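Asker: this one's sequence-less:
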Ligand SMILES: C[S@@+](CC[C@H](N)C(=O)[O-])C[C@H]1O[C@@H](n2cnc3c(N)ncnc32)[C@H](O)[C@@H]1O
């Protein structure tokens, strides 16, 4: 019944009104977008910020994704603030259908950086991780093949809504691809759901992150992932540094590390 009314309204109402209604459905995201627009410390002109927000919504309305605009805007803000003279890359691990990739590629393009995208393009690997509930009480389950976005589909989405020329795709399981990657990194965004995948990302990517670089994980609401970030021995023995300060750990979904000297 509700779906019927929605479909009918879609045919009756003018497109700008439908778009406005869809934007208003997510007030937290709308607020994040307005804050981004009005924030003078965001390193691009107001008209570019406005265009970017419109582009973000265009992706959101067309490509399925689990993230919020607020979450991707955090990483976009980081990308836009990267030093112009540094040629190191920015990284995304876990892209699903390419919605987040398209958005990050738009930001990477504005500052002339390359976005390296790691994913199996086959979804979540086989695993026996006993996920149950996230810290907000919702069910968390990750079965083999969940969140699958085939490479061609991702490329099509990024070509349509983002800047595909700024992207380098590295298909494969992170256990196979990341140990072969040795390039300096300016910023990292991890969204891989599993504790084991997160562990691999941290082990191989964190040492490549430049001092002052930023790492985000969008899986900070998953207790098994929290355990990885909290594991002092893992940081010391496998990454070779003390556990850094992790903003939001245990209380937020999007957690953040700024790498110290
Ligand atoms: C929740 S989805 C990412 C969502 C995406 N960031 C977005 O906002 O639309 C998780 C992704 O992690 C990838 N992934 C998880 N574990 C992986 C592994 N061990 N190797 C490669 N990719 C992995 C899956 O293929 C999937 O695309």
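Answerer: Sure thing, it's come through. As the structure is a computational prediction, the values presented were derived from the model and not from experiment.

Asker: Paired strands for the lengthiest strand in the chain, with orientation please.
Answerer: Taking residue count as the measure and DSSP state E as the definition, the longest strand of the chain comes out as strand 209-217. Each strand pairing with strand 209-217, determined using DSSP bridges, is listed with its direction: strand 185-190 (parallel), strand 255-258 (antiparallel).

Asker: Tell me which of those sits most buried.
Answerer: Ranked by mean neighbour count, the strands paired with strand 209-217 are led by strand 185-190 with a mean of 25 (mean count of other Cβ atoms under 10 Å). For every residue, glycine as well, the C-beta is placed using N, CA and C.

Asker: and the gap between the residue lying closest to residue 203 once chain neighbours are set aside and residue 175?
Answerer: The spatial neighbour of residue 203 that comes closest, neighbours along the chain excluded (Cβ to Cβ, 6 or more residues apart in numbering), is residue 238 at 5.1 Å. Remark: distance between residue 238 and residue 175 (Cβ to Cβ, to the nearest Å) = 13 Å.

Asker: repeat for residue 144
Answerer: In this structure, residue 144 and residue 175 are separated by 15 Å, where distance is defined by Cβ to Cβ.

Asker: For the two, indicate the residue with more neighbours.
Answerer: Remark: of residue 144 and residue 175, residue 175 carries more neighbours, 14 against 11, as counted by other Cβ atoms under 10 Å.

Asker: Dihedrals phi and psi, the more buried one?
Answerer: Phi and psi for residue 175, reported as degrees, to the nearest 10, are phi -60, psi -30.

Asker: For it, list the residues it contacts.
Answerer: Residues counted as contacts of residue 175 (Cβ atoms under 8 Å, 6 or more residues apart in numbering) are residue 200.

Asker: do residue 181 as well
Answerer: Residue 181 makes contacts with 116, 118, 170, 204, 205, 208, as judged by Cβ under 8 Å, 6+ apart.

Asker: The ligand: which of these is nearest?
Answerer: residue 118 (6.4 Å; Cβ to the nearest ligand atom).

Asker: Doesn't that closest one belong to a strand?
Answerer: Yes: according to DSSP: H, G, I helix; E, B strand; the rest coil, the state of residue 118 is that of a strand.
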